[in-house]
Every structure is written in structure tokens, then in C-alpha cells.
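Trainee: for reference, the sequence and a predicted model appear below.
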Amino acid sequence: MKKHIAVLPGDGVGPEITEQAVKVLQTIAQKFGHEFTFTNGLIGAAAIDATGNPFPKETEELCLKSDAILFGAIGDPKFDNNPATKVRPEQGLLAMRKTLGLYANVRPIFTFKDFVSKSPLKPEIIKDVDFVVVRELIGGIYFGKKGRSKDKTYAYDTNEYSKPEIERVAKFAFELAQKRRKHVTVVDKANVLETSRLWRETIQQMQPSYKDVTVDFMFVDNASMQIIKRPSEFDVIVTENMFGDILTDEASVITGSIGMLPSASIGEKTSLFEPIHGSFPKAKGLNIANPIGTILSAAMMLEYSFKLSLESKAIYKAVEKVLAKGLGTKDIVTENQLSTTQLAEAIIEEL
Ligand code: IPM
Ligand code: MN
């Protein structure tokens, strides 16, 4: 199989970790007889410094003509602490999601069996956790009307959803559940929000087309509690943009290190794959960041965009074996701490 991949390293540790995932993809190509080619593009603070725009037109074009996108991270403290900043790196991320139409953000939450003791939660609670959060990514309060009054003392952000937007992401969640344990939990706040009532109504109307899938509805405040109390009972959670943002940070704690979790953002034309952690500016250039989240994002790319499930599973297996040997970066092991590149080498060795 021949595929072209856009690589957007971005800021902070982004360049270091995407480099490791590219090496893993090259190893897979060699081992399974595929041809993957890679082109780098600018995004985030790196793109602002070079062009003044956090998501330059050139990067957009590169993404649109690629079969998939591998993304590192975005964000630089030099923008966070300066209220006068006009363009922020995060605007590049939101612009990219919107222009590329990345409507479903898929964040799997699972534990590695040799790893349950690393979580702050009790092993008996998290040992069988295996669920996926499908977060709507280009609607809701992130993209609704927003503004300030002239005298600057009043501000508003609007939560907006249309039926087709809900149907599109719900269809993705239903189909994903059909390949898993056939259970969808819709997380909303339908006791208060009109948008949530539209979510419920729309998904209830879709249910007859997915008779094999059990659906339940849960208020977001209760869901935030159940994710910690009985996380193993979830299979697929589908929810709006902002609730999904918050719940996935909460859920990442189950795995033990946010450095380990991958994600996919599914679009109509092309899809993007990135670790769920941020740019970790303090670690920039130090070769200490955990590359596993990005390497597993590459595994998700093989599965979701290229339908190469054998190849994808090979990466998960290799990561599992390396962890079983007690190897890891300093966020996950206390002895024999490896660098970013050493941990990636160990995974490539297993492959
Ligand atoms: C995420 C991040 C982004 C979001 C920020 C950086 C805009 O927190 O990908 O979850 O809120 O979507
Ligand atoms: Mn977030």
C-alpha cells in the first residue's frame, strides 16, 4: 500500500515525539511491504514565528492532499502569559479542525495490564477499563457566536448545534459500538440545555437503525462521577465538544500517564492523529517526553485511515511488551528510565 502522510510536529516536545512515530511507521512499512512517504508542515507557535499565521495556507493544502495527518502538539508559554497577544497557537488548532472538517475526536481510554498500579485509582476499579470517548469537535460552544459588549463588561459564548452535526458524529459512535461491545452512552445536560435536548431527540430517532446497540443517556455531572467510580462499564461515550474536552482529561488519569494515550480526529476527507497530551514546554529538547501516545496515534492511523489492522495491532503488541519489561520514560518508571529516543528504539526492536 502507498500512502502519503503529512507530519505537523508543532511546538514544545512535538518535533521529538512525531520523529519517533515516523520511525515506527517506517519500520511497519518495511516489515509489511508498504510505501509511506512523509512531508513536514508548520503549525502553532512555530508557524506564527515563521509566517505570522498559526495555520498557514500551505499547511492546509498539504493536509488536504495527504492520506492522513500525524500531529504533535501546539502551545507555547510565551503566548499564554501575554494578554496582548493577538494570534495564539491554539487558534491554529481550532482553525485546522474547522477547515479540515475533523468532526469526530476519538479518544480511547484503556489500561496496560502491567500498568494498573501506576494509576492513582485502585487497581480493582481500573483493571478492565476499555472505553472510547467520541467527542464532537467542530461545533458547540467552541465555534458558536461569541463576543463582548462595547464597554467590555459583558461577554458571551453560545452553544449551538444542528441536527445534521449531531447525526454525523452519532453515526460514527453507533458504527464504532457495533465493532465493540455494542453500548453507547450519550452524555449531555438535557435537564438544562436546549442543545442537549436536541442531541437526545436526534439520537433517539436514530436508534431504530441500530437495533443491536444499547443506548443510555447520562447527565454530564453524573458521568464525571461514574468515569471514576465504575469506568469499566463504559463502551462508547458520545458527547458534545466542551463536555468531551473535560471528560477526556479526567478519563486519561485512569491510564496512569497522559503521555500514553493516542487520539484520532476523523474528517470527511482526511483524518488527523495526535497524542492527547499537550506541548510539555518544560521538556522541550530534553529527550525525556514519553513517545508512546504519539506512537499509538500512528497505530490508530493505520487502523482508522488505512484499514491496516494487523499492522496497527503489531504496534500495540510491541508497546505492551516493552512496558511488560519495565521499560519507560521518567513519567512512568522510577528505575532504568529511558530517553524518548531509547524508548522508541526499544519499541522498534520489538517490532
Ligand atoms: C484538546 C485541547 C484543546 C481543546 C485546546 C488546546 C484548544 O485542550 O485538544 O483537548 O480544548 O480542544
Ligand atoms: Mn483538552
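Mentor: That came through fine. Ligands and ions are numbered 1, 2, ... in the order given.
Trainee: only C-alpha atoms for contact and neighbour calcs from this point on.
Mentor: Fine.
Trainee: next, count neighbours for the nearest residue to residue 273 once chain neighbours are set aside.
Mentor: Leaving aside its chain neighbours, residue 273 sits nearest to residue 264 (4.5 Å; criterion: CA to CA, 6 or more residues apart in numbering). Neighbourhood size, residue 264 [other CA atoms under 10 Å]: 27.
Trainee: just the one 5 residues further on next, same as before
Mentor: Burial of residue 269, expressed as a neighbour count using other CA under 10 Å, amounts to 14.
Trainee: pretty sure residue 85 contacts residue 76?
Mentor: No. In this structure residue 85 lies outside contact range of residue 76 using CA atoms under 8 Å: 11.9 Å.
Trainee: any chance you could list what contacts stretch 5-18?
Mentor: 36-47, 62-63, 66-76, 279-285, 287, 289-291, 294-295, 340 (CA atoms under 8 Å, 6 or more residues apart in numbering).
Trainee: which ones among those are found in strands?
Mentor: Among the contacts of stretch 5-18, the ones falling in strands (DSSP state E) are 36, 37, 38, 39, 40, 68, 69, 70, 71, 72, 73.
Trainee: now for those residues, which pair is the farthest apart?
Mentor: 36 and 73 (21.9 Å; CA to CA).
Trainee: those two: which is more packed in?
Mentor: Legend: neighbour count by other CA under 10 Å for residue 36 and residue 73, higher for residue 73 (27 against 17).
Trainee: would you agree that one is in contact with residue 284?
Mentor: No. The pair residue 73 / residue 284 is not scored as a contact, 11.4 Å apart, by CA under 8 Å.
Trainee: list only buried entries from the contacts of stretch 5-18.
Mentor: Neighbour-count burial (16 or more other CA atoms under 10 Å) applied to the contacts of stretch 5-18 gives 36, 40-47, 62-63, 66-76, 279-280, 284, 287, 289-291, 294-295, 340.
Trainee: angle of the helix ranked longest in the chain against strand 68-73?
Mentor: Using DSSP state H, we find that the single longest helix of the chain is helix 14-32. On the basis of axes from the mean of the first three to the mean of the last three CA atoms, to 10 degrees, helix 14-32 is oriented at 150 degrees to strand 68-73.
Trainee: show me what counts as buried in helix 14-32.
Mentor: In helix 14-32, counting by 16+ other CA under 10 Å, buried: 14-22, 24-29.
Trainee: who does the residue nearest the centre of the chain bridge with?
Mentor: Central residue of the chain (CA atoms, centre = their mean): residue 263, 2.8 Å from the mean position. Note on residue 263: beta-bridge partners by DSSP bridges are residue 274.
Trainee: surely it meets residue 104?
Mentor: No. Here residue 263 lies out of contact with residue 104, judged by CA under 8 Å, at a distance of 10.4 Å.
Trainee: domains in this structure, as residue ranges please.
Mentor: 1-108+259-351, 120-255 (automatic domain parsing).
Trainee: winner for burial among those?
Mentor: domain 1-108+259-351 (a mean of 20; mean count of other CA atoms under 10 Å).
Trainee: next up, identify which helix or strand the residue of the chain positioned farthest from its centre is on.
Mentor: What lies farthest from the middle of the chain is residue 151; by CA atoms, centre = their mean that is 38.3 Å. Secondary structure assignment for residue 151, by DSSP states H and E: no helix or strand.
Trainee: how far away is it from residue 145?
Mentor: 18 Å (CA to CA, to the nearest Å).
Trainee: ok, now residue 201?
Mentor: In terms of CA to CA, residue 201 sits 23 Å off from residue 145.
Trainee: how about residue 333?
Mentor: Residue 333 is 45 Å from residue 145, by CA to CA.
Trainee: also residue 224?
Mentor: From residue 224 to residue 145 the distance is 27 Å (CA to CA).
Trainee: ok, and what's touching the helix or strand of the chain with the lowest mean pLDDT?
Mentor: Lowest on mean pLDDT, DSSP states H and E among the helices and strands of the chain sits helix 77-80, with a mean of 87. Residues outside helix 77-80 that contact it (CA under 8 Å, 6+ apart): 85, 88, 89, 281.
Trainee: for the last one, what are its contacts?
Mentor: In this case it means residue 281. Contacts of residue 281 by CA under 8 Å, 6+ apart are 11, 12, 13, 75, 76, 77.
Trainee: again with residue 282
Mentor: residue 12.
Trainee: go with 7 Å
Mentor: Not one residue lies near residue 282 by CA atoms under 7 Å, 6 or more residues apart in numbering.
Trainee: same check, this time on residue 232
Mentor: 126, 128, 129, 130.
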